[in-house]
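Novice: Okay, sequence plus prediction incoming.
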Amino acid sequence: MALDQLKAFLVEMQKDEGLKQRVLAASTADDVARIAFALGFEFSGDELLRFSGKKVGRVTVSKQEHPGEYH
């Protein structure tokens, strides 16, 4: 299940400072999903966005709004 994969990735991110920095530098939720996929975790950028506002351990997922962003 993608939600389990997402939660496992967030736990892993808390243990790995380099991974955390890569995720924080990512531009989009899809970029984060690609980073996760390369490490064996499977979830989509949309699933990550739907998880916004929820917390796993010390990580709270939040959608970043950028000025000039179009939807």
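Specialist: Nice, I can see it.

Novice: what's the distance between residue 63 and residue 15?
Specialist: The gap separating residue 63 from residue 15 is 24 Å, by Cβ to Cβ, to the nearest Å. C-beta here means a position set from N, CA and C on the backbone, and glycine is covered the same way.

Novice: What are the boundaries of the helices in this protein?
Specialist: In the chain, the helices defined using DSSP state H lie at 2-15, 17-25, 29-38, 45-50.

Novice: So for residue 56, which of those sits nearest?
Specialist: Taking Cβ to Cβ, helix 2-15 is the member of these nearest to residue 56, at 4.2 Å.

Novice: and the closest one, how far from the chain's centre?
Specialist: Relative to the mean C-alpha coordinate of its chain, helix 2-15 is positioned 8 Å out (Cα atoms, centre = their mean, to the nearest Å).

Novice: Would you mark the buried spots in that helix?
Specialist: 2, 5, 6, 7, 8, 9, 10, 13 (16 or more other Cβ atoms under 10 Å).

Novice: do stretch 33-44 as well
Specialist: Residues of stretch 33-44 classed as buried under the neighbour-count rule (16+ other Cβ under 10 Å) are 33, 35, 36, 41, 43.

Novice: now swap in stretch 43-50 and tell me
Specialist: With burial defined by 16+ other Cβ under 10 Å, the residues of stretch 43-50 counted as buried are 43, 45, 48, 50.
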